[in-house]
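Student: A predicted structure for the sequence below; I have some questions about it.
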Protein chains: 6
Amino acid sequence: MSLETYRLTEEPRYHPSADEIALYEAAYEMRLPVMLKGPTGCGKTRFVEHMAWKLGKPLVTVACHEDMTASDFVGRYLLGAEGTYWQDGPLTRAVREGGICYLDEIVEARQDTTVIIHALTDDRRILPLEKKGELVRAHPDFQLVISYNPGYQSVLKDLKESTKQRFCALDFDYPAATIEANIIASESGLNPQDAQRLTRIAGKSRNLRGKGLDEGASTRMLIHAGRLMVAGLPITQACKFAVITPITDDPEMRSTLSAAVDACI
Amino acid sequence: MSLETYRLTEEPRYHPSADEIALYEAAYEMRLPVMLKGPTGCGKTRFVEHMAWKLGKPLVTVACHEDMTASDFVGRYLLGAEGTYWQDGPLTRAVREGGICYLDEIVEARQDTTVIIHALTDDRRILPLEKKGELVRAHPDFQLVISYNPGYQSVLKDLKESTKQRFCALDFDYPAATIEANIIASESGLNPQDAQRLTRIAGKSRNLRGKGLDEGASTRMLIHAGRLMVAGLPITQACKFAVITPITDDPEMRSTLSAAVDACI
Amino acid sequence: MSLETYRLTEEPRYHPSADEIALYEAAYEMRLPVMLKGPTGCGKTRFVEHMAWKLGKPLVTVACHEDMTASDFVGRYLLGAEGTYWQDGPLTRAVREGGICYLDEIVEARQDTTVIIHALTDDRRILPLEKKGELVRAHPDFQLVISYNPGYQSVLKDLKESTKQRFCALDFDYPAATIEANIIASESGLNPQDAQRLTRIAGKSRNLRGKGLDEGASTRMLIHAGRLMVAGLPITQACKFAVITPITDDPEMRSTLSAAVDACI
Amino acid sequence: MSLETYRLTEEPRYHPSADEIALYEAAYEMRLPVMLKGPTGCGKTRFVEHMAWKLGKPLVTVACHEDMTASDFVGRYLLGAEGTYWQDGPLTRAVREGGICYLDEIVEARQDTTVIIHALTDDRRILPLEKKGELVRAHPDFQLVISYNPGYQSVLKDLKESTKQRFCALDFDYPAATIEANIIASESGLNPQDAQRLTRIAGKSRNLRGKGLDEGASTRMLIHAGRLMVAGLPITQACKFAVITPITDDPEMRSTLSAAVDACI
Amino acid sequence: MSLETYRLTEEPRYHPSADEIALYEAAYEMRLPVMLKGPTGCGKTRFVEHMAWKLGKPLVTVACHEDMTASDFVGRYLLGAEGTYWQDGPLTRAVREGGICYLDEIVEARQDTTVIIHALTDDRRILPLEKKGELVRAHPDFQLVISYNPGYQSVLKDLKESTKQRFCALDFDYPAATIEANIIASESGLNPQDAQRLTRIAGKSRNLRGKGLDEGASTRMLIHAGRLMVAGLPITQACKFAVITPITDDPEMRSTLSAAVDACI
Amino acid sequence: MSLETYRLTEEPRYHPSADEIALYEAAYEMRLPVMLKGPTGCGKTRFVEHMAWKLGKPLVTVACHEDMTASDFVGRYLLGAEGTYWQDGPLTRAVREGGICYLDEIVEARQDTTVIIHALTDDRRILPLEKKGELVRAHPDFQLVISYNPGYQSVLKDLKESTKQRFCALDFDYPAATIEANIIASESGLNPQDAQRLTRIAGKSRNLRGKGLDEGASTRMLIHAGRLMVAGLPITQACKFAVITPITDDPEMRSTLSAAVDACI
């Protein structure tokens, strides 16, 4: 499978909040690695997709998890009819052929994965495949992007300082209300008025963050609610189904959130 | 084995409690992922079976456990005469061929499994098979459903916020008394009067939840008792065998429950 | 190897204590799963053997331990001349061919093993072989039995509530004195008088349970002592060798038990 | 390799302390499993060797350790030219061909190993080879012996009650002074006077057990010292080299022990 | 792949701080192993590259991580058409063919890796390949270098004393201001004035170390900022993107750092 | 590879401190196992090399580490063209062919390794290869030597009492000043005056042990410093590079040590 299958064929919609596009472009021009920081569901993945499309580069996304090892990134030996043969992992393919490699929630992965990217993020720009005994020099187009949710990380699961210092970093947060309403409307097909109502509901839920809620409603949840409304559900039912029931089991918090929905319609 | 073997051939009986069928249908229409929350044995699995039958889609059920890894969902390389070959896991088959995939008690599984479903639950609807180097785009009919028992989860074993926010959620609980009696009667073949007696017994046990009992008698247990009564056991013996002895070893709690049985017959 | 090798060829002696045989027969008639609760060495295994013989079904016994995984129950791929082939595990064979499968001390096994039996213990009666991609529907004769020692289990190692609720449960304890003397005599060939002496000694040791002894002498230990007496050892030596030295290293407890032996002869 | 290579060809010298030979013979006559309890280096292994020789049975000794699994006892599949084939482990060979199997320091092994022996230690006398799908019925000559050091075991690493209750048990301790001097003389070739001196030294060290020493000098250490004296070392040098330096690094305890040596020569 | 591919083809720029080049040359002349101590991003890797280039030796760099085992250094058996064959790891290749082997952040690796280098770091200069049964005697040109960040190491993850004592050690720190400005200018192409401004900013951040910052801005970060300025970003934006956002999420610390940037421009 | 490659071809220089050579020779004559106790870098390995050379026996040295298992000592099955074949480990080769096997820092290895040597260290002198199903009887020339650093061991990582009691033990420490100066001079080629200076420096550092230093300068470090002086470095630079910087990062301790160096030159 060629890296071309990772090339985005249509523009992923993205509504910029500030100067993030210009900063990213400068970093890409210098091939500096970039780190995206921010809460879940606020558009980090969409931003990378947008930039990869804008720069015309293939995008290899890897969702990290705690059972992920360096081999899952870099490649491994498989057993074929003639004995073992090497298969490049997603990172190696982006390094060799020149794509943007996006490691989503990198801190979830085991530490060997963060060390493996060190030589790719300084001026050496090499990927040592120790098991294969090969040094891959990065294609001139290659760039590394990682994401990271600072609000989530426990002390035990944080990026090492020697890793953090290798990246330029961009902060992400939920978009401003008007931008968010536009996003909801364009992603779900909902009418603008209802989209604004959903945005107001989200704002109230986000004020409850840390006061009984771990996290407020994400933009993604609002899009879900919007789509359910397009499918015919009334706003209260759609919000209960797509926003309230998923984020809390606490009866009082549920009433508070239901009241917030009622107040916004 | 084709996904067709996972198609239900007869209607699974299901007694709705509220608007859960309409909500599920709206979610399916928009192919939004759904999370079912509720205690053990209250009918979550039966509900998904019913909806899969109603929508005419194959249903792939995976019971999650803590030794389960992403490979168990997604697939793995096996060793054949010509070397290794890839075998799709249950999730991948549902994604490719267009079924409903139901991951029962998802929090039991290791975290890599919850991350693997992220790209399936947003607008990308893709499943990256990293070990195979393939991006599977979901069949238009594919939908993901997970279940989750909020009363059980320890702090250590909870869904990540970034996972929860991807699902529409439905609450489940034991059915109302008349509905439950109907379910017992139709599932066990017991006469309606005895079925109502069993329902009253269950109600008393559920009031003891948190007061010495971890969990009251489930609908499933009442069906067991009903079937033993159909097999000829008197109600006290059936309840002792199928309800009281299984849920507690505490002598006082057992007397309390026995007294509850005696009071209801 | 056919499941027929698991069919018992001669009647395992069993002395019933109460209505356990009738209850078990009703459960088997309805193919409900059964859980046997009780201390070690009180006859649970023998009871299942007896019932399997009585019902004329093969009995597959699996002694569970903490390194046991679902694969040990269900089966695994082995490597043959033509690549890997599947080998059914003991549970799968009982499910396919229609035997009683007895999982002894199920809580010792890892949790994946308890989840794997869920779909076998409700009305679906199926065993999903996820690694093989096969759904095995249970033979009409199949039944599942598990055992469980409530006195032993730590909080960390208990059956999940969602597992417990799937089983009818029977309590077991050491048999009443006359029954136990009969068992000792018939199992060891000892004369009835000495068998009664051993029963009295056991009674005294069981009173010390929780007062310095973790567990009193089991019926199995008394049979051992009886057989040593048949081999020519006097009762004090036989009891020291087969009962006292095995269960405690505490010098005072040993004197107390020796005095109990002396008092009973 | 036949089990015959495990048959002892010359009599292992053994000096009985009490009635242990008669008790063991009665247990073997009834094929009851036996547990040997006692401190390190006091002659447990030698006793089993002696009994195996006396009864004319092959003896398979397995030194248990914490990385040992059931497969190390029972056997495993190996990969040959025609695919995998089964190789019996040491326990299985003793079970099939009729030897005495001695599991030395059984508590060190992982718990799956203790469960695997359960069906061998009751009247079933079977060894289920779950990975092979075979039930091995024990040869009539087979007997199981285990050893166990009660002074060592932590609470976390103790035999399960359900295992202990399956064994007849014999206590072992360091032999009485005259017997021990005979053992030292016959094992090392040392003259009786010096052997008695070593015995007196050992007695003093054993009095220090729990008062700064974890364990006193074992009979084995005294034999070592005796052999070094036969090789020409004076008693003080031999005791320092073979007794004092090995058991303690504490300077004061070393002086105390040196003074004890000086007092005994 | 020959070790020649590890030979540096152009001189890595290096600005010495003190007598480190002479000390390293003396150590290499005697083939003594060297340990480089210092914080992340201060130039340790660059120094080894410079010395390898100066001495005309190939340089094999291994970035250590906590899942790294001795096999990753030393080699392993792989499966080929004719069965397993041995593949040398990076350390073994440097030992055999005579290169400098640089183990970066050695304490991250598992302890077996530190023990494996013991026989290479004393006068034996051998590498035992235990799995292969081979003793590799080091090529006369072979030298071992390790790096180590004392500020990072927890008590649990420190070099063993018996390892430390085998190495000559050099301290590294951030370079003096003028040297650092030169480095920034020559590495990023930035004009000297701006390079000095960045150096002053770094100095302020380093004063905050331990007062809310785990680590100040590294030289590497300043080079990143310099390159972004060359790409057209103004200094405040470049510092925010490449220095401030990566090292802290604390709003107050971010203001302090922004004020420091403003004060230096 | 024959065991002959493990035979030392030239005499390893060794300066005895007391009667250790005579004691070792007596132990070897009786083939008693020997344990060497002492701090790192004081000459334990050199002593065993010397004795092996003196006795004319091959010496197999194994550096133990915490990921080392019994298989690394004993051997394992490898996969060849005709299926698996057995490869003896280093211990097994010494046992079969009659060498001295030196297990360096045995406590670092996993416990299965210490149990595997039990049957080799009593009068049985056998090595059971359980995975191969073979009992190897030791060659008459075989002897086992282990080393052990009592100052290092934590409570969790100590030799089991049942292992300790199997060995004769020798204490090692840094050599007396004149002997140490001779060693430094002969190993490094340094002139005697400077060698004595280094010895005096070492003495001062050893007095700081436990008062801020984990360990004083070892003889090995002094030899390193001596060789750097032969390569042209002045004594202060050589001591800083080879002694002070490696053993401490504490600024005050470094000044104290530097002052000690200055005082001795």
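Tutor: Good, I have the coordinates.

Student: Now do the nearest residue to A:Met68 once chain neighbours are set aside against A:Ile116, distance only.
Tutor: Using CB to CB, 6 or more residues apart in numbering or on different chains and skipping the chain neighbours, the partner closest in space to A:Met68 is A:Ala109 (4.3 Å). Every residue, glycine included, has its C-beta placed from N, CA and C. From A:Ala109 across to A:Ile116, the span is 10 Å (CB to CB, to the nearest Å).

Student: what touches both of these two?
Tutor: Shared contacts of A:Ala109 and A:Ile116, defined by CB atoms under 8 Å, 6 or more residues apart in numbering or on different chains, are absent.

Student: If you count surrounding residues, which of these two has more?
Tutor: A:Ala109 (27 against 23; other CB atoms under 10 Å in any protein chain shown).

Student: any weak-confidence spans in the stretch 101-250 of chain A?
Tutor: Filtered on pLDDT under 70, the stretch 101-250 of chain A yields the residue ranges A:111-112, A:151-157.

Student: Break chain A down into its domains, please.
Tutor: A:3-171, A:177-263 (the TED database).

Student: what comes into contact with the helix or strand containing A:Asp194?
Tutor: In this structure, A:Asp194 sits in helix A:192-207 according to DSSP states H and E. For helix A:192-207, the external contacting residues (CB under 8 Å, 6+ apart) are A:174, A:177, A:180-182, A:184-185, A:188, A:190, A:213, A:216-219, A:221-222, A:225-226, A:229, A:235, A:239, A:243, A:247, A:257, A:260-261, A:263-265.

Student: Next: stretch A:105-117.
Tutor: Contacts of stretch A:105-117 (CB under 8 Å, 6+ apart): A:33, A:63-70, A:72-74, A:91, A:103, A:127-128, A:144, A:146-149, A:153, A:157-160, A:163, A:166, B:111, B:115, B:162, E:63-68, E:105, E:108.

Student: What subset of these is buried?
Tutor: For the contacts of stretch A:105-117, a burial check counting by 16 or more other CB atoms under 10 Å in any protein chain shown picks out A:33, A:63-65, A:67-70, A:72-74, A:91, A:103, A:127-128, A:144, A:146-149, A:159-160, A:163, A:166, B:111, B:115, B:162, E:63-65, E:67-68, E:105, E:108.

Student: so who does the closest residue to A:Lys44 other than its chain neighbours touch?
Tutor: Among residues not flanking A:Lys44 along the chain, A:Leu36 sits closest, at 4.5 Å (CB to CB, 6+ apart). Residues near A:Leu36 by CB under 8 Å, 6+ apart: A:44, A:47-48, A:145-148, A:169-170, A:172.

Student: now that we have those, which one has the most neighbours?
Tutor: Busiest of these [other CB under 10 Å] is A:Ile146, holding 29 neighbours.

Student: from what I can see that one touches A:Lys37, true?
Tutor: No - counting by CB atoms under 8 Å, A:Ile146 does not reach A:Lys37; the two are 9.7 Å apart.

Student: What spatial separation is found between the residue nearest to A:Met68 and A:Leu91?
Tutor: 11 Å.

Student: Wait, A:Val136 touches A:Ala94, no?
Tutor: No - using CB under 8 Å, A:Val136 is not in contact with A:Ala94; the gap is 10.5 Å.

Student: So between those two, which is more surrounded?
Tutor: Neighbours around A:Val136 and A:Ala94, counted as other CB under 10 Å, are more numerous at A:Ala94. The numbers are 30 against 22.

Student: shouldn't the more buried one be in contact with A:Val145?
Tutor: No - assessed by CB under 8 Å, A:Ala94 is found out of contact with A:Val145, at 10.3 Å.

Student: Quick check: bridge partners of A:Tyr148?
Tutor: Following DSSP bridges, A:Tyr148 is listed with bridge partners A:Lys37.

Student: contacting residues for it?
Tutor: A:35-37, A:105-107, A:159 are the contacts of A:Tyr148 under CB under 8 Å, 6+ apart.

Student: I'd like those as a markdown table, with secondary structure and distance to A:Arg13 appended.
Tutor: Below are these laid out as a markdown table (DSSP: H, G, I helix; E, B strand; the rest coil; distance: CB to CB, whole Å):
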| residue | secondary structure | distance to A:Arg13 |
| --- | --- | --- |
| A:Met35 | strand | 23 |
| A:Leu36 | strand | 18 |
| A:Lys37 | strand | 22 |
| A:Glu105 | coil | 23 |
| A:Ile106 | helix | 25 |
| A:Val107 | helix | 28 |
| A:Leu159 | coil | 30 |
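
Student: from the residues you listed, which is closest to chain F?
Tutor: A:Leu159 (24.3 Å; CB to the nearest CB).

Student: The residue nearest the centre of chain A sits in which helix or strand?
Tutor: Centroid-nearest residue in chain A: A:Thr45, 3.3 Å away (criterion: CA atoms, centre = their mean). Using DSSP H and E, A:Thr45 sits within helix A:44-55.

Student: relative orientation of the following helix or strand past that helix and helix A:44-55 in degrees?
Tutor: Downstream of helix A:44-55, the next assigned helix or strand under DSSP H and E is strand A:59-63. Put simply, strand A:59-63 runs at 170 degrees to helix A:44-55, going by axes from the mean of the first three to the mean of the last three CA atoms, to 10 degrees.

Student: now for strand A:59-63, which elements pack on it?
Tutor: Packing partners of strand A:59-63 (3 or more CB pairs under 8 Å, 6 or more residues apart in numbering or on different chains; DSSP states H and E): helix A:44-55, helix A:90-97, strand A:100-104, strand B:126-129.

Student: out of those, nearest to B:Glu252?
Tutor: strand B:126-129 (51.8 Å; CB to CB).

Student: Around chain E, which positions in the stretch 1-150 of chain A sit nearby?
Tutor: Contact residues (CB under 8 Å from any CB of the partner chain) of the stretch 1-150 of chain A with chain E: A:19, A:22-23, A:26-27, A:29-30, A:32, A:35, A:37, A:69-70, A:77, A:79, A:82-84, A:110-112, A:114-116, A:118-119, A:122-123, A:128, A:130-131, A:133-135, A:150.
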